[in-house]
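Student: I'd like to go over a predicted model; first the sequence, then the structure.
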Amino acid sequence: MIRLEKRPNPSRFWLYATPPVAVLLTMVVGGILFAAMGKNPIEVIRTIFWDPIFGEFAFYLRGQLLVKAGPLILIAIGLALGFRAGIWNIGAEGQYIIGAICGAAVGLAVFPTENRLIFPAMVIAGAFGGWLWAMIPAILKTRFNTNEILVSLMLVYVAQTILAKASTSFLKNPEGMGFPGSRNFNTYPAAKNGYLIESLGLHWGGVAALVTAVLIYILLTRHIAGFQIRLAGQAPRAARFHGVNPTRLVVMCMGISGALAGLAGLFEVAGPAGQISIDFNTGYGFTAIIVAFLGRLNPLGIVLAGFLMALTYVGGEMASTNLGLPSAAIQVFQGMLLFFLLGVDVLTNYRFRLPAAAATAGAK
């Protein structure tokens, strides 16, 4: 039987070839799925990947790419930092929600005051909210050795409950005629995350995402903390001998991850979303996991992966509107990307061996 054999050294070819091969396989299998649903697979793939950049309405849609990519990049960079150290924060969606709630609460608390310090205060509150929510699994892991995957994931559902309560209770618009949801930040200039360059879809969230990518890249490649993070992920025992404090590492990685997710939530609620609502969270925290791995846990790679995933969001919305494709099919398509990415990534450390080849290698 064909079997997997561990490579003496990781394959550099598959290290870089895995993402494009995974994208190609996703297109092929996704096309089969769309064909099974009665849609023209070529037309659907073209609508998702081509039309937002080169299509008839590309001028408007190109701006939406950065709007969608910004929160994905911010969250994915924070997640990648922990993943590199072997710390698995799967609850960024909850940290994203709590960051949005905390930041929005600061802005709404002083409505309708007009002051330049309001939006910066909201940014700080958003980052603090995400950081605080991430500290729960971090402290439980360091003090009681709980599993951060389960704790952070369960806290997502707690955050969603708080979001529903905020929308219908303590952040509800008193002038909203009974409808759930907060005041709209687009009508509150002091708290609005407006576009810096509207044609590009660039607001402060996009700026923060790109700046963060550069800073974290420098941290990982030029700072002792980056070396400790990489060492802890690749050789935990060696990291302990090197004097790496695992408690400090967990708190640092979870804290940065939570703060970046909270920032993403704040920039989204004060910008494109415009308000706290029951359906505010759109799954960015979970999709960012795909972006992190697609970008090979490298901040600069994550920027490219973020734009690619944003393309599936924007193109997917076009396919849903123009071709009648269910939104669930787009979510399955996005999930395929992670599935094939992880599947093909096996070839980085393993290779297929035929029985004859294995016997020959054993005889040698």
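Tutor: Sure thing, it's come through.
Student: CA atoms for contacts and neighbours, from now on please.
Tutor: Noted.
Student: Next, the contact list for the residue nearest the centre of the chain, please.
Tutor: Using C-alpha atoms, centre = their mean, the residue of the chain that lies closest to the mean C-alpha position is Ala288, 1.9 Å off. By C-alpha atoms under 8 Å, 6 or more residues apart in numbering, the contact set of Ala288 is Leu72, Ile73, Ile75, Ala76, Leu79, Gly306.
Student: The first one: neighbour count?
Tutor: Spelled out, that is Leu72. Leu72 is flanked by 31 other residues according to other C-alpha atoms under 10 Å.
Student: Mind telling me what element it is part of?
Tutor: helix 58-84 (DSSP states H and E).
Student: Stretch 163-181: end-to-end distance?
Tutor: 10 Å (C-alpha to C-alpha, to the nearest Å).
Student: So what touches that stretch?
Tutor: Ile97, Ile98, Ile101, Ala105, Leu108, Ser182, Arg183, Gln275, Ile276, Ser277, Ile278.
Student: export those residues to JSON lines and tack on secondary structure and distance to Leu297?
Tutor: As requested, the contacts of stretch 163-181 are exported to JSON lines (DSSP: H, G, I helix; E, B strand; the rest coil; distance: C-alpha to C-alpha, whole Å):
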{"residue": "Ile97", "secondary structure": "helix", "distance to Leu297": "23"}
{"residue": "Ile98", "secondary structure": "helix", "distance to Leu297": "25"}
{"residue": "Ile101", "secondary structure": "helix", "distance to Leu297": "28"}
{"residue": "Ala105", "secondary structure": "helix", "distance to Leu297": "33"}
{"residue": "Leu108", "secondary structure": "helix", "distance to Leu297": "36"}
{"residue": "Ser182", "secondary structure": "coil", "distance to Leu297": "36"}
{"residue": "Arg183", "secondary structure": "coil", "distance to Leu297": "37"}
{"residue": "Gln275", "secondary structure": "coil", "distance to Leu297": "31"}
{"residue": "Ile276", "secondary structure": "coil", "distance to Leu297": "31"}
{"residue": "Ser277", "secondary structure": "coil", "distance to Leu297": "32"}
{"residue": "Ile278", "secondary structure": "coil", "distance to Leu297": "32"}
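Student: Out of the residues you listed, give me the one that has the most neighbours.
Tutor: Ile98 (34 neighbours).
Student: ok, now how distant is the residue nearest to the centre of the chain from Ile302?
Tutor: The gap separating Ala288 from Ile302 is 9 Å, by C-alpha to C-alpha.
Student: Contact partners for the spatially closest residue to Gly301 that is not a sequence neighbour?
Tutor: Closest residue to Gly301 apart from its sequence neighbours, by C-alpha to C-alpha, 6 or more residues apart in numbering: Gly295 at 4.2 Å. Taking C-alpha under 8 Å, 6+ apart, we find Gly295 in contact with Pro19, Gly301, Ile302, Val303, Leu304, Ala305.
Student: Who wins on neighbours among those residues?
Tutor: Most surrounded of the contacts of Gly295: other C-alpha under 10 Å gives Ile302, at 27 neighbours.
Student: Verify the stated contact: it with Arg296.
Tutor: Yes. Taking C-alpha atoms under 8 Å as the definition, Ile302 is a contact partner of Arg296 at 7.3 Å.
Student: any chance you could map the helices in the stretch 151-300 of the chain?
Tutor: 204-222, 224-234, 236-241, 246-269, 284-294, 299-323 (DSSP state H, counting those that start in this stretch).
Student: Pull out the buried residues from the third one.
Tutor: Neighbour counts over helix 236-241 (16 or more other C-alpha atoms under 10 Å) mark Pro236, Ala239 as buried.
Student: Run through who's touching that helix.
Tutor: Against helix 236-241 from outside (C-alpha under 8 Å, 6+ apart): Gln228, Leu231, Ala232, Pro246.
Student: Quick check: the two most widely separated of these?
Tutor: Greatest spatial distance in those: Leu231 and Pro246, 11.4 Å, computed using C-alpha to C-alpha.
Student: Tell me which of these two has more neighbours.
Tutor: Between Leu231 and Pro246, counted using other C-alpha under 10 Å, Leu231 has the larger neighbour count: 20 against 17.
Student: Could I get the contacting residues of the more buried one?
Tutor: Ala85, Ala238, Ala239.
Student: 7 Å instead?
Tutor: Applying C-alpha atoms under 7 Å, 6 or more residues apart in numbering to Leu231 gives the contacts Ala239.
Student: and stretch 258-270, how far out from the chain's middle?
Tutor: 11 Å (C-alpha atoms, centre = their mean, to the nearest Å).
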